[in-house]
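In: Model the following, please.
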Amino acid sequence: MKAAMKEHKGVVTCIKIRANNMECVSSSDDGTCIIWDLNRFVRNQIIFANTLFKAVCYQPEETQLLTGGSDRKISYWETLDGSQIREMEGSTDGSINGLDISDDGNYFVSGGNSRKVKVWKYNEGEVTHVGLGHSGDITRVKVCPNAKHIISVSADGAILRWKYPF
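Out: Take a look at the predicted model:
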């Protein structure tokens, strides 16, 4: 081990590393997301919200973050100062447990306790497609690098592959 970065007071639910490997963001069910400096092993920024964060991801330009959690909201955050840019209703019936953004940054995918996979337009914040098929809470979603499929996994052990609609 090279270093330990301990500031979260609860379970760390997700971690994503920037493309330059110099920074990462972690989400926690303690209501914080922390942007870490991976060279100095210190916090660069902290985000507080009234939610148990379950998912976080960088937008491809890495100037913004997308978060989801127990409050059923999907939020956009500025990575530079941790300020909230936008908040929208991500689900009407359960937490958001998984998020992923397409490589081009035009779309993102969400999944959670509603058992629905949703495809969203990133800039507009509008749902374009909804997938039904899980019988358990969705725990993670991922847009495949070739942008031909979406993979979702759920608490019942299912792994589903969806056709990417664009």
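In: and stretch 39-46, how far out from the chain's middle?
Out: Centroid separation between stretch 39-46 and its chain, computed with Cα atoms, centre = their mean, to the nearest Å, is 20 Å.
In: my bad, stretch 52-66
Out: Distance of stretch 52-66 from the chain centroid (Cα atoms, centre = their mean) equals 6 Å.
In: Would you mind writing the CA trace of it as PDB?
Out: Output of stretch 52-66 as PDB, limited to C-alpha atoms (Å, rounded to 0.1, in the frame of the first residue of the first chain):
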ATOM      1  CA  LEU A  52     -26.900   8.300   0.600                       C
ATOM      2  CA  PHE A  53     -24.800   8.500  -2.500                       C
ATOM      3  CA  LYS A  54     -24.800   5.200  -4.400                       C
ATOM      4  CA  ALA A  55     -23.200   6.200  -7.800                       C
ATOM      5  CA  VAL A  56     -20.900   8.800  -9.200                       C
ATOM      6  CA  CYS A  57     -19.200   9.200 -12.600                       C
ATOM      7  CA  TYR A  58     -17.200  11.800 -14.600                       C
ATOM      8  CA  GLN A  59     -18.600  13.400 -17.700                       C
ATOM      9  CA  PRO A  60     -16.100  12.600 -20.500                       C
ATOM     10  CA  GLU A  61     -14.500  16.100 -20.400                       C
ATOM     11  CA  GLU A  62     -14.200  15.500 -16.600                       C
ATOM     12  CA  THR A  63     -15.400  19.000 -15.800                       C
ATOM     13  CA  GLN A  64     -18.600  17.700 -14.300                       C
ATOM     14  CA  LEU A  65     -19.800  14.800 -12.100                       C
ATOM     15  CA  LEU A  66     -23.100  13.000 -12.200                       C
END
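In: For that stretch, list every residue counted as buried.
Out: L52, F53, K54, A55, V56, C57, Y58, Q59, Q64, L65, L66 (16 or more other Cβ atoms under 10 Å). (Glycine included, C-beta is placed from N, CA and C.)
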